[in-house]
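S.K.: Sequence first, predicted coordinates after that:
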Amino acid sequence: MRRLKYTFSSMMCPNYPLSIIIPIYNEERGLPALFLELERVCGKILKEYGPVEIVLVNDGSTDKSWELITKQCSFGTNYVGVNLSRNFGHQLALAAGLEIARGDAVASLDADLQDPPSVLLQMMEAHRQGYDVVYATRRERGQEKFIKRITAWLFYIFIEKLSGVPIPRNTGDFRLLSRRVLTELSRLRETHRFLRGLVPWLGFPQTQIYYDRADRSTGETHYPFRKMLLFAFDGIASMSTKPLRLAYVFSLLLFMVFVGYIFYVLYDHFIRGGELVPGWTSIMSAITIFGAIQLLMFGVFGEYIGRIYEQAKNRPLFIIQEIKRTEAGPPTSPPKN
Ligand code: UDP
Ligand code: MG
């Protein structure tokens with residue numbers, strides 16, 4: 001009965017209890033396995049909740065990923081293929097998917113099967129119980145390198161201290177959001193978005209469920225150390241202005257040391273009658289240290305000014321080149337962003 005109702009309504013204007021968003025960047029080798037698994041899991045969700053919309057966002061892949069996506073869209077049902085005009089990065093590809101998705105709940109996952117689609121069933125169950133945000137948390141981090149684990153651990157402690165927003169540990173971007181959370185999220189138009197911090201910041205009833213994270217099915221991670229570092233700084237700058245205040249406190253402390261040093265020099269010269277020339281080393285070290293610290297602080301200020309500038313330009317977050325759909329939904333024009 002339920003199935004009949006959904007089939008009928010989906011011919012008019014589809015009503016999806018769930019949309020799945022998958023950002024894809026050069027994943028041609030892993031896609032066939034991903035599509036198979038999605039079909040299997042979506043079949044189960046269909047029986048329980050209704051049809052699932054699958055939004056595949058191609059983030060400017062240079063391999064055959066888009067071809068595979070369009071092929072899947074042409075014979076699968078309820079697929080939406082979104083082709084971005086170039087590579088915008090994982091977070092913005094996700095933002096594009098979130099904007100296009102029409103489900104009552106929206107879940108995002110990696111294309112490499114590291115986030116197993118089968119966990120979606122548990123996530124939907126938690127959502128049915130009234131949770132607006134359901135994080136899938138890794139029990140095991142697969143064969144991830146020790147250095148990645150330790151840096152991730154330090155990063156989350158650091159960002160939590162700075163932002164004052166508790167961020168659930170060991171959760172990537174594998175999460176389910178309800179429609180009302182998504183509506184609020186779409187009001188945040190930040191160029192440098194750090195969804196892992198913004199979603200906890202939004203509030204609403206949130207919960208976690210646990211799963212074992214596998215290794216990448218194929219290919220290499222797109223987050224090498226350099227990108228991770230940039231991502232980490234984006235996270236910190238997006239969630240907190242405390243580095244600016246820290247720079248200020250730091251310079252105040254140094255200023256006090258400097259004033260103390262002047263007093264010492266005056267005392268040495270006038271009271272103890274010391275010579276000035278022996279002070280050469282200390283003067284040089286003071287100049288070097290202050291110079292270096294000032295440059296460092298300019299660097300911190302510069303990062304924030306750069307972000308203000310980017311935000312002031314108010315450019316769209318992403319640009320969609322084309323959209324392919326496989327159901328009789330309303331014709332879509334690229335969303336305003
Ligand atoms: N991804 C993307 N754009 C990028 C980099 C990555 O859309 O510029 C996608 C990628 O295809 C994958 C997801 O984002 O589906 C997460 O990337 P990855 O698996 O490389 O990250 P990791 O799991 O290693 O942190
Ligand atoms: Mg991955």
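M.R.: The structure has been received and is ready for your questions. Residues are numbered from 1 along each chain as shown. Ligands and ions are numbered 1, 2, ... in the order given.

S.K.: Residues of this structure that sit close to ligand 1?
M.R.: Residues of the chain lying near ligand 1 by CB under 6 Å from any ligand atom: 23-25, 27, 59, 87, 89-90, 93, 110-112, 114, 221-223. (C-beta placed from N, C-alpha, C; glycine too.)

S.K.: Check the gap between the nearest residue to L188 once chain neighbours are set aside and V265 for me.
M.R.: Closest residue to L188 apart from its sequence neighbours, by CB to CB, 6 or more residues apart in numbering: L198 at 5.9 Å. Distance of L198 to V265, computed by CB to CB, to the nearest Å: 51 Å.

S.K.: try E27
M.R.: 64 Å.

S.K.: Compare neighbour counts for the two and give me the winner.
M.R.: More crowded of E27 and V265, by other CB atoms under 10 Å: E27, with 28 against 15.

S.K.: Does the nearest residue to the more buried one once chain neighbours are set aside belong to a helix, a strand or coil?
M.R.: Spatial nearest neighbour of E27, excluding adjacent residues (CB to CB, 6+ apart): A111 at 4.4 Å. Here A111 is recorded as coil under DSSP: H, G, I helix; E, B strand; the rest coil.

S.K.: mind listing the helices for the stretch 151-300 of the chain?
M.R.: 179-185, 195-202, 225-239, 242-266, 280-313 (DSSP state H, counting those that start in this stretch).

S.K.: circling back: how about the residue nearest to E27, what does it touch?
M.R.: I22, P23, I24, Y25, E27, G30, L31, L34 (CB atoms under 8 Å, 6 or more residues apart in numbering).

S.K.: Give the PyMOL command for selecting the buried subset of the residues of the chain next to ligand 1.
M.R.: To isolate the buried ones among the residues of the chain next to ligand 1 in PyMOL, judged by 16 or more other CB atoms under 10 Å, type:
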select buried, resi 23+24+25+27+59+87+89+90+93+110+111+112+114+222
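
S.K.: Which pair in the residues of the chain next to ligand 1 has the greatest spatial separation?
M.R.: N87 and Q114 (19.9 Å; CB to CB).

S.K.: that's a strand at V55, yeah?
M.R.: Yes. Assessed by three-state DSSP, V55 belongs to a strand.

S.K.: List the residues that contact it.
M.R.: S19, I20, I21, I22, V80, V82, G97, I100, A101.

S.K.: per-domain residue ranges of the protein.
M.R.: 8-240+317-325, 242-312 (automatic domain parsing).

S.K.: Give me whichever of these is most buried.
M.R.: Greatest average neighbour count among the domains of the chain goes to domain 8-240+317-325 (a mean of 18), per mean count of other CB atoms under 10 Å.

S.K.: does ligand 2 sit close to that domain?
M.R.: Yes. With CB under 5 Å from the ion as the criterion, ligand 2 is reached by domain 8-240+317-325 at D110, D112, Q114.

S.K.: Mind checking the pLDDT average for that domain?
M.R.: For domain 8-240+317-325, mean pLDDT is 85.

S.K.: Ok, stretch 244-255 next?
M.R.: On average, stretch 244-255 scores 76.

S.K.: which residues touch it?
M.R.: I289, F290, I293, L296, M297, V300, F301, Y304.

S.K.: Against L94, how distant is the first one?
M.R.: What that stands for is I289. 43 Å.

S.K.: what does the fifth one give?
M.R.: Shown here: M297 relative to L94, a distance of 33 Å by CB to CB.

S.K.: for N170, same thing?
M.R.: 18 Å.

S.K.: now L109
M.R.: 10 Å.

S.K.: any shared contact partners between the two?
M.R.: The contact lists of L109 and L94 share I21, D173, where a contact means CB under 8 Å, 6+ apart.

S.K.: How are the strands of the stretch 51-200 of the chain distributed by residue range?
M.R.: 52-58, 79-84, 105-108, 133-140, 175-178 (DSSP state E, counting those that start in this stretch).

S.K.: Turn the ones you listed into CSV, including distance to M123.
M.R.: Listed next are the strands of the stretch 51-200 of the chain as CSV, based on distance: least, CB to CB, whole Å:
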stretch, distance to M123
strand 52-58, 12
strand 79-84, 20
strand 105-108, 6
strand 133-140, 5
strand 175-178, 4
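
S.K.: For V257, which of the ones you listed is the nearest?
M.R.: Of all those, strand 133-140 comes closest under CB to CB, at 44.9 Å.

S.K.: CA-only coordinates of that closest one in PDB, if you can.
M.R.: In PDB, the C-alpha atoms belonging to strand 133-140 read as follows (Å, rounded to 0.1, in the frame of the first residue of the first chain):
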ATOM      1  CA  VAL A 133      21.000  15.100  13.400                       C
ATOM      2  CA  VAL A 134      22.400  11.500  13.400                       C
ATOM      3  CA  TYR A 135      26.200  11.200  13.300                       C
ATOM      4  CA  ALA A 136      27.700   7.900  12.200                       C
ATOM      5  CA  THR A 137      30.800   7.600  14.400                       C
ATOM      6  CA  ARG A 138      33.700   5.300  13.600                       C
ATOM      7  CA  ARG A 139      34.400   2.600  16.200                       C
ATOM      8  CA  GLU A 140      37.600   1.600  14.400                       C
END
